[in-house]
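Participant: no FASTA, just this:
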């Protein structure tokens, strides 16, 4: 990427009328300075501080005697050479109405030597094509007219037969990468210089022109003639693309001085407005502190976005009228050109891979690889579908592979990718199937063993289930009894207070002892008796085989440790309950003695 400035040139229009005072001086930095002297008028009063001398620097100043060939060599030749290398280029003319913009860009029609920059650029392009026979060049032409802020295609074949308002308008569109596209703008191929010039002449005949006080044949629109160039080496996939814009801007004019009205006034308003927006863009680009550039204010600035501050090598020609009455407007044009010179463009080569050439080369590579594969496989064609016998063979191989539990099992189908893909599809279908163990009838081997139920094993399983249920039932009964005993031990009968005497207390103690002893003994005997009866009942029902199975179950049952632990806990709690009962009885005896003692003391 290269940063380059916009080169500015000035061209003075010859005139037979009275000219102002101007001078062209060669400066020390290789540039040329154009100076104008405007004497102070007496209308300014006695104190008049208005400047009298205005000086502007240009890369080159073409005086009124300079011919078209010299202008082309100085301005266009370098830009076109860069376009052939892949850089975008733009040449535009700016100035007031009647200062010679159209003559400079398009040329005159009276003499062959009056040809402008566009026909000379086309001729030079095709001359350069012939000097590089080893490079393939293609050229396309487009011609855009911007009239009253609306775009029209000057190369539209309907342009001559329809009114301007009835033609399809060219619209601006941007893609995701902010690249501008012009809809309804046609591109026409030009295989030689003659075809390119024919497109130019066709577009020039369709331009909007009118007679104004400043110019007998004034162009009332901005016109952009674009040459699309592509270059490619025969052995390379890279293609260089470039666009050469040759722009003829409509002339600025002071409506108050010209006194136009009607259609000419409307056209002048649109022209001055678009040039005002162009000046805003130039000012924003020349001011480095500005972050926003108003390209979208007008269609012309949008189309010239790359030419001004973008990827383009740009040159400007400021056309100046040195007539005394136009000196002020000429100074304004020169000031505009000085601001344009401050703009820096970042240019780069537009190279890309040719998609059509890549497709053609890839197809050729595919054909060559197929021939090599055919030679390597002995000429066997492997492009069609597999036959039914081959598909069945692949299914059998997949089935045998899945049934083989050996870690050394292999699925060998050869080097045919069709068979490999089919085997992968079969394996994928087996993985997704909910019944992986189900074997298709067609693929079931004859020697596969069948699984049948053993009645003896079923009987053993049923007996084990019954034994487990019986043990669980017994365990629940024992837990229930333990809970009842603990509840009874925690409950104690309420004690009667008062002075009923020693005999009453003794009778109560004896009755409590008797009830407690009877209760404990009766409950113990009842529980043991029930356990013995239940044990005897289910032991008598068990056969010898079942008894062995039950013993084996008790040894292997994972909850037997818990059952034994529960038994140990039960014995411990029973001993603790018995000790607590004795402590309660001792406490009651002590309380009774203290009661008797208190009663005797009272008496």
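Facilitator: Arrived safely, thanks for sending. Just so it is clear, the structure is predicted and the values come from calculations on it, not from any experiment.

Participant: longest helix of this structure?
Facilitator: In the chain, taking DSSP state H as the definition, the longest helix is helix 560-602.

Participant: centre of the chain to that helix, how far?
Facilitator: Helix 560-602 sits 85 Å away from the centroid of its parent chain (Cα atoms, centre = their mean, to the nearest Å).

Participant: now do it, average pLDDT.
Facilitator: Average pLDDT, helix 560-602: 84.

Participant: strands of the stretch 351-500 of the chain, start to end?
Facilitator: 351-353 (DSSP state E, counting those that start in this stretch).

Participant: nope, the stretch 51-200 of the chain is what I was after
Facilitator: 53-58, 60-62, 89-95, 136-147, 150-153, 171-174, 180-183, 188-189.

Participant: give me whichever of those strands is most buried.
Facilitator: strand 89-95 (a mean of 26; mean count of other Cβ atoms under 10 Å). Just so you know, the C-beta spots here come from the backbone N, C-alpha and C atoms, and that holds for glycine as well.

Participant: quick check: phi and psi on the nearest residue to residue 358 once chain neighbours are set aside?
Facilitator: In space, residue 358 comes closest to residue 237 once its chain neighbours are excluded; the distance is 6.1 Å by Cβ to Cβ, 6 or more residues apart in numbering. The phi/psi pair for residue 237 (degrees, to the nearest 10) reads phi -90, psi -10.

Participant: and residue 237, how many neighbours?
Facilitator: 13 (other Cβ atoms under 10 Å).

Participant: check residue 204 too.
Facilitator: For residue 204, the neighbour count with other Cβ under 10 Å is 20.

Participant: low pLDDT regions in the stretch 51-200 of the chain?
Facilitator: 159-162 (pLDDT under 70).

Participant: mind running it again at 50?
Facilitator: In the predicted model of the stretch 51-200 of the chain, no residue satisfies pLDDT under 50.

Participant: and the helices in the stretch 351-500 of the chain?
Facilitator: Secondary structure of the stretch 351-500 of the chain by DSSP state H, counting those that start in this stretch: the helices cover 355-376, 388-403, 417-432, 455-490.

Participant: out of these, which is closest to residue 152?
Facilitator: Of all the helices of the stretch 351-500 of the chain, helix 355-376 sits nearest to residue 152, with 31.2 Å by Cβ to Cβ.

Participant: which residue lies nearest the spatial centre of this protein?
Facilitator: Centroid check for the chain by Cα atoms, centre = their mean gives residue 176 as the closest residue, at 10.8 Å.

Participant: quick one on the thing from earlier: could you export the helices of the stretch 351-500 of the chain as TSV, including mean pLDDT, distance to residue 242 and mean neighbour count?
Facilitator: Formatted as TSV, these follow (pLDDT from 0 to 100; distance: least, Cβ to Cβ, whole Å; neighbours: other Cβ atoms under 10 Å):
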stretch	mean pLDDT	distance to residue 242	mean neighbour count
helix 355-376	81	18	10
helix 388-403	87	57	15
helix 417-432	86	46	14
helix 455-490	80	90	13
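
Participant: residue 11 reaches residue 316, doesn't it?
Facilitator: No. Counting by Cβ atoms under 8 Å, residue 11 does not reach residue 316; the two are 10.8 Å apart.

Participant: rewinding a little: now for the helices of the stretch 351-500 of the chain, which one comes closest to residue 289?
Facilitator: Closest among the helices of the stretch 351-500 of the chain, once you apply Cβ to Cβ, is helix 355-376, at 42.2 Å.

Participant: which residues touch residue 226?
Facilitator: Taking Cβ atoms under 8 Å, 6 or more residues apart in numbering as the criterion, residue 226 is in contact with 141-144, 243-246.

Participant: next, the residue nearest to the centre of the chain: phi, psi?
Facilitator: Dihedral angles for residue 176 - degrees, to the nearest 10 - are phi -60, psi -30.

Participant: again with residue 239
Facilitator: The phi and psi values for residue 239, taken as degrees, to the nearest 10, are phi -130, psi 130.

Participant: what's the pLDDT at residue 47?
Facilitator: Predicted confidence (pLDDT) for residue 47: 55.

Participant: same question but for residue 533, I mixed them up
Facilitator: 69.

Participant: kindly report the same for residue 242.
Facilitator: Note on residue 242: pLDDT of 94.

Participant: for it, which non-adjacent residue is closest in space?
Facilitator: Excluding the flanking residues, the one nearest residue 242 by Cβ to Cβ, 6+ apart is residue 83, at 4.3 Å.

Participant: what's the neighbour count on residue 323?
Facilitator: Residue crowding around residue 323 was assessed by other Cβ under 10 Å; the count is 18.

Participant: so what's it bridging to?
Facilitator: residue 19 (DSSP bridges).

Participant: ok but residue 285 is inside a helix, no?
Facilitator: Yes. Counting by DSSP: H, G, I helix; E, B strand; the rest coil, residue 285 is part of a helix.

Participant: for it, grab the count of nearby residues.
Facilitator: A count of nearby residues for residue 285, using other Cβ under 10 Å, gives 21.

Participant: and it, what pLDDT?
Facilitator: 85.

Participant: quick check: it touching residue 294?
Facilitator: No. Using Cβ under 8 Å, residue 285 is not in contact with residue 294, being 10.3 Å away.

Participant: packing partners of the longest helix of the chain?
Facilitator: Under the contact criterion of 3 or more Cβ pairs under 8 Å, 6 or more residues apart in numbering; DSSP states H and E, helix 560-602 touches helix 455-490, helix 502-541.
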